[in-house]
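Undergrad: Sequence first, predicted model second:
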Amino acid sequence: MKKHSLALLLLLTISINAFCQFADITQKVIADRKNSAEQQKKPYVILISADGFRYDFAKKYDAQNLLKLGSEGVSASSMIPSYPSVTFPNHYAIISGLYPSHSGLVNNTFYDPARNDKYAMGNKTKVTDGTWYGGSPLWVLAEQQKMLSASFYWVASESAIKGVRPTYYYNYNEQINIHDRIQAVVDWLKLPPAERPHLITLYFPQVDHAAHLNGPESPAVEKEVHFIDSAVNELQKAVKTTGVKDVNFIFLSDHGMTRVDNQNPIGIPAAIDTAKFVVSGDGILVELYAKDKKYIQETYDALKKEAKDYDVYLKTNVPAHLHYGTTDDWHNRIGDILLIPYAPKVFNLYNKKSINPGWHGYDPSVVKDMHATFYAWGPVFKKHLSIPAFENVSVFNLVSRILDIKHTEKIDGTNKLADKILIKKPANKK
């Protein structure tokens, strides 16, 4: 047994070392792009996401730098994620201004009947295929308008959406240390004006990882909150050394986190027949896609009869405030039947031996722990301003206003946030 365990440990070590050795850590640069003369006069925005950084984590764990920066600029009581409150849909909602049902990125993993294919955030081929993403992310619009952008990770930044990627970007991996990421931002800002990105996105996964594994009220989460706090402080100090003026920071998260009842999960409902339905999801949201529509009603009725600790919806009767029903399903990617557990319950459809204590994905109007963080500071923002909660899709409008990025497609964000927290129109705004 000891020899067997040692062999497994050795194999695991070799695999990890091989992954680290071959992970793509090189910066990608799209050649022959320049800022137009007009765009060179615009401000700069560094958009920072700390995955899973719940709305109250900064105060709860005394993140002194973030609290100070937020108090000097703008701080929101919380930011409301879109449903479902999970990572990929919400990062894309922030950058596209679209609810998940409208962008087509309806979950971290989902089925598309028209393609007869599944999207999964862990599948690199799918993640980098731009045809899965609707709308126009801010970097796509910026680049189309001759304004350069850069991304040190953000959902979909590796994808050619409408044939466009950021001028500077990295393929996602977690092998590059925080100091090198900060240095990359500094290096971008030190480029000549014609080559300098005006929109920069930066992503930190640490708090989310710790909260999933240990629960949101844990020493591990406190440690990672302090890590992010220190990193943001290091970043904003490093940016000052570049001498670039009019740099504006937005620090936010995609969603919050809550502790769930991982000892008593909901098992596989007896009414689910995988011969009749494609099943997608687990944990906080289960979606059933009918292989033949004639099975929908009878299966729905059967599920309603046995349901305990969860709601059952047809796509036609999902609560309107979730923006996740038939009317909102612009890309036909929402299941015909949805199973939504009551917090703190979670599903365990795949008979996992253990379930993490920390989860997110619930309706943020019901579970406040799903709410995210929002702070902003810099020359364009009002000082010492506290604001109430707002929907995350309006961050798109905010950044568009600061950088004077024009958009003509239908979006879900509004201008109320920008009107409330900006002290002036950006330079050269007509």
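TA: Arrived safely, thanks for sending. Residues are numbered from 1 along each chain as shown.
Undergrad: and the helix or strand hosting Phe249, what other elements does it pack with?
TA: Taking DSSP states H and E as the criterion, Phe249 maps to strand 247-252. Using 3 or more C-beta pairs under 8 Å, 6 or more residues apart in numbering; DSSP states H and E as the contact test, the elements touching strand 247-252 are strand 44-50, helix 64-72, helix 219-240, strand 374-377, helix 394-403. For every residue, glycine as well, the C-beta is placed using N, CA and C.
Undergrad: hey, C-alpha coordinates of that strand in PDB?
TA: Coordinates of each C-alpha in strand 247-252 appear next as PDB, following Å, rounded to 0.1, in the frame of the first residue of the first chain:
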ATOM      1  CA  VAL A 247      -5.500  56.300 -14.600                       C
ATOM      2  CA  ASN A 248      -8.800  55.100 -13.000                       C
ATOM      3  CA  PHE A 249      -9.300  51.900 -11.000                       C
ATOM      4  CA  ILE A 250     -12.400  49.800 -10.700                       C
ATOM      5  CA  PHE A 251     -12.200  46.900  -8.200                       C
ATOM      6  CA  LEU A 252     -15.100  44.500  -8.200                       C
END
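Undergrad: what pairs with it, and is each one parallel or antiparallel?
TA: strand 44-50 (parallel), strand 374-377 (antiparallel) (DSSP bridges).
Undergrad: Go through those strands and name the closest to Thr131.
TA: Of all those, it is strand 44-50 that lies closest to Thr131, at 24.0 Å by C-beta to C-beta.
Undergrad: What angle do helix 219-240 and the closest one make with each other?
TA: If you take axes from the mean of the first three to the mean of the last three C-alpha atoms, to 10 degrees, strand 44-50 sits at 170 degrees to helix 219-240.
Undergrad: Just after strand 44-50, pick out the following helix or strand.
TA: Next along the chain after strand 44-50, taking DSSP H and E as the criterion, comes helix 57-60.
Undergrad: would CSV of the helices and strands packed on strand 247-252 with mean pLDDT and mean neighbour count be doable?
TA: Shown next, in CSV, are the helices and strands packed on strand 247-252 (pLDDT from 0 to 100; neighbours: other C-beta atoms under 10 Å):
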stretch, mean pLDDT, mean neighbour count
strand 44-50, 98, 26
helix 64-72, 98, 18
helix 219-240, 97, 18
strand 374-377, 98, 26
helix 394-403, 98, 24
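Undergrad: Of those, which is nearest His384?
TA: It's helix 64-72; of the helices and strands packed on strand 247-252, that one is closest to His384 (C-beta to C-beta) at 6.6 Å.
Undergrad: Against which helices or strands is that closest one packed?
TA: Contact here means 3+ C-beta pairs under 8 Å, 6+ apart; on that basis helix 64-72 packs against helix 57-60, helix 219-240, strand 247-252, strand 374-377.
Undergrad: okay, now the nearest residue to Phe53 once chain neighbours are set aside: neighbour count?
TA: Leaving aside its sequence neighbours, Phe53 sits nearest to Ser253 (C-beta to C-beta, 6 or more residues apart in numbering; 3.7 Å). Applying other C-beta atoms under 10 Å, we find 31 residues neighbouring Ser253.
Undergrad: quick one, what contacts Asp311?
TA: Neighbouring residues of Asp311 by C-beta atoms under 8 Å, 6 or more residues apart in numbering: 339-342.
Undergrad: Assign it to one of the three secondary structure states.
TA: The local conformation at Asp311, judged by DSSP: H, G, I helix; E, B strand; the rest coil, is strand.
Undergrad: picking that back up, tell me the helix or strand right after the strand holding Phe249.
TA: strand 258-259.
Undergrad: Now list the buried members of the contacts of Asp311.
TA: 339-341 (16 or more other C-beta atoms under 10 Å).
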